[in-house]
Every structure is written in structure tokens, then in C-alpha cells.
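Asker: predicted model and sequence follow; I will ask about them next.
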Amino acid sequence: MSGLAAVLFDMDGTLVDTETLWWQATEEVAARLGHRLTDADAPEVVGRAVEDTAAHLARATGTAATDGIATTLTAAFQRRVDEGAPMRPGADRLLAELERAGLPFALVSASPRSVVDSVVGGSLAHVPFAFTLSADDTVRTKPHPDPYRTAAERLGVPVTACVAVEDSPDGAASADAAGCAVLVVPSLLPVPPGPARFFAQSLEEVSLDALRHHVRARATAGAPHATPGAPGQARASEDARAPGGEDHPGR
């Protein structure tokens, strides 16, 4: 199979603005444990699975009960998600374009199933995903390749014919390792460049034609090169800086 076969979307910070909610939840739990969360904690919080962040807080505070921290983190995040998570700019338009074209797309998240179901039943209730994958659905979650490989297998398409849309370093690493072309739309934490990564400042810049271009460029050239300034074309970039104006990194 050649060309674009499917699009695989991350959830937190990519389709919905839950980045800040995850940071706030982690900040709350850290404070209870006597730890003040700062930007230095961001690599262990942003885009990480709950268990990873829980393990970090356990190390930072000398707490042995990692499972208990993970449960508390999930509950704190869930409360905030249940209150509503706004869509990211351009997400609705892009999803509608893919639906009109009949191109399969799925949700591939590192959040627990309870959080994914809450968001899919709320902010994303109108979106016809082929299926959703959560951190509970694979043995290993991001940054390992398992989630994206599993998604491609479920769709019955080569993983190399998929574009993964991500916002975080761990998510991009997961998609890279699986073999996807990766469109990075950074939210609160910078994502380093890579040979299979394209960058856009917002999903408002992204079109179906752009996604098709990414798969072709990756397959034919090894390292993608987008055409600067092409209408609807997300740009390949060596500058993966997140947009300014955010106070805190998040999930």
C-alpha cells in the first residue's frame, strides 16, 4: 500500500486542551506530598503515563506507595476533565475533513481508559473515531512504540502509511519508534526535531493534503521536506519550540 492510509491522533494537548489540567492535577498531588512542582519536573510530567509521573513524585518525596500516588493523580485529573476540556484550535475542522474524505482515523492516548472515555464521551462525543486506545490497552504505553503499532494493526494498514499527530516528546518518540510519519503540534513543551517529524504551530495549518505529503516525503526521501508556504501545508522545521504565552508545562 502506498500513500496515506490512516491518521492516528494523540488526545491530551493535541485534540483537547488538557495539558494544563494534567499539570494542575500533578501540582495538587505533589503539594499534598510536600513537593512544589516546577519546570524542572516537566520532563517527568508532560506527555508521561500516570505511572511514570507517580514514580517521579515518589522519588522526589521519598514516598514508597507509587500505586497510591497513581490512583490519586488519576482521580485529580479525572475531576478536571469531567468539568470539560476545550478542543484545540483547528481540531474540529481537520477531523471533519478526514471524515468527509472517508480516511480512517483513531485516537491513541497515554491517558488511562477512564480519562479517555470521559473525554470521548464529552468534548469528542461528535467525533467518529474508528476506535480509541488508552494506556490500559497495551502492555507498554508511550514512549514505547506499542500503542501506534497496535493501532495500525487494528486498522489493518502498514504503520509506515500512517501519520501520527502528537504534541509531546514522549508521544513523538512513540510514533517514531513505531515507524509512523509524525506531525508535531507542540503545546507546552518543546519537541526536538527528527528525520520523520514535521512541525506545525497549530492544527489550523494542517490539511489532508499536508498529511498525504508527509507520508510521501518520508517514504521517498527518508527525511521530510515540506514546501514552504504551500496552502494548508504544515511546515517541516528545525525549530520545534512550543508557542509562547503558557505559564506551565502540562500533559
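Answerer: Sure thing, it's come through. Residues are numbered from 1 along each chain as shown.

Asker: so where do the helices sit in the stretch 151-251 of the chain?
Answerer: Per DSSP state H, counting those that start in this stretch, the stretch 151-251 of the chain carries helices over the ranges 169-178, 208-221.

Asker: against which helices or strands is the longest one packed?
Answerer: In terms of contacts (3 or more Cβ pairs under 8 Å, 6 or more residues apart in numbering; DSSP states H and E), helix 208-221 is packed against helix 91-101, strand 162-166, strand 181-184. From N, CA and C alone the C-beta is placed, and that goes for glycine too.

Asker: which of the helices of the stretch 151-251 of the chain sits most buried?
Answerer: Stretch with highest mean neighbour count among the helices of the stretch 151-251 of the chain: helix 169-178 (a mean of 24; mean count of other Cβ atoms under 10 Å).

Asker: can you put the helices of the stretch 151-251 of the chain in TSV and add mean pLDDT and distance to residue 33?
Answerer: Below are those laid out as TSV (pLDDT from 0 to 100; distance: least, Cβ to Cβ, whole Å):
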stretch	mean pLDDT	distance to residue 33
helix 169-178	95	23
helix 208-221	88	42
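
Asker: reformat the ones you listed as CSV; add distance to residue 143.
Answerer: Below are the helices of the stretch 151-251 of the chain laid out as CSV (distance: least, Cβ to Cβ, whole Å):
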stretch, distance to residue 143
helix 169-178, 4
helix 208-221, 19
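
Asker: what's in contact with the helix or strand that residue 58 is a member of?
Answerer: Assigned by DSSP states H and E, residue 58 belongs to helix 50-61. Contact with helix 50-61 is made by 26, 29-30, 33-35, 41, 44-45, 48, 63-67, 69-70, 73-74, 77, 111-112, 135, as judged by Cβ atoms under 8 Å, 6 or more residues apart in numbering.

Asker: could you flag which of these are buried?
Answerer: Neighbour-count burial (16 or more other Cβ atoms under 10 Å) applied to the contacts of helix 50-61 gives 26, 29-30, 35, 41, 44-45, 48, 69-70, 73-74, 77, 111-112, 135.

Asker: any low-confidence regions in the stretch 1-150 of the chain?
Answerer: In the predicted model, the stretch 1-150 of the chain carries pLDDT under 70 at residues 1-2.

Asker: returning to what we had before: could the helices and strands packed on helix 208-221 go into JSON lines alongside mean neighbour count?
Answerer: As requested, the helices and strands packed on helix 208-221 are exported to JSON lines (neighbours: other Cβ atoms under 10 Å):
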{"stretch": "helix 91-101", "mean neighbour count": "16"}
{"stretch": "strand 162-166", "mean neighbour count": "29"}
{"stretch": "strand 181-184", "mean neighbour count": "28"}
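
Asker: for these, give me JSON lines that also has distance to residue 199.
Answerer: Converted to JSON lines, the helices and strands packed on helix 208-221 look like this (distance: least, Cβ to Cβ, whole Å):
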{"stretch": "helix 91-101", "distance to residue 199": "16"}
{"stretch": "strand 162-166", "distance to residue 199": "11"}
{"stretch": "strand 181-184", "distance to residue 199": "5"}
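
Asker: if I look at residue 33, how far off is residue 64?
Answerer: Residue 33 is 12 Å from residue 64, where distance means Cβ to Cβ, to the nearest Å.

Asker: check residue 188 too.
Answerer: Applying Cβ to Cβ to residue 188 and residue 64 gives a distance of 30 Å.

Asker: for residue 191, same thing?
Answerer: Counting by Cβ to Cβ - residue 191 and residue 64 are separated by 33 Å.

Asker: do the same with residue 192
Answerer: 34 Å.

Asker: in what helix or strand does residue 74 lie?
Answerer: Here residue 74 is assigned to helix 66-82, by DSSP H and E.

Asker: what about that helix, distance to the chain center?
Answerer: 19 Å (Cα atoms, centre = their mean, to the nearest Å).
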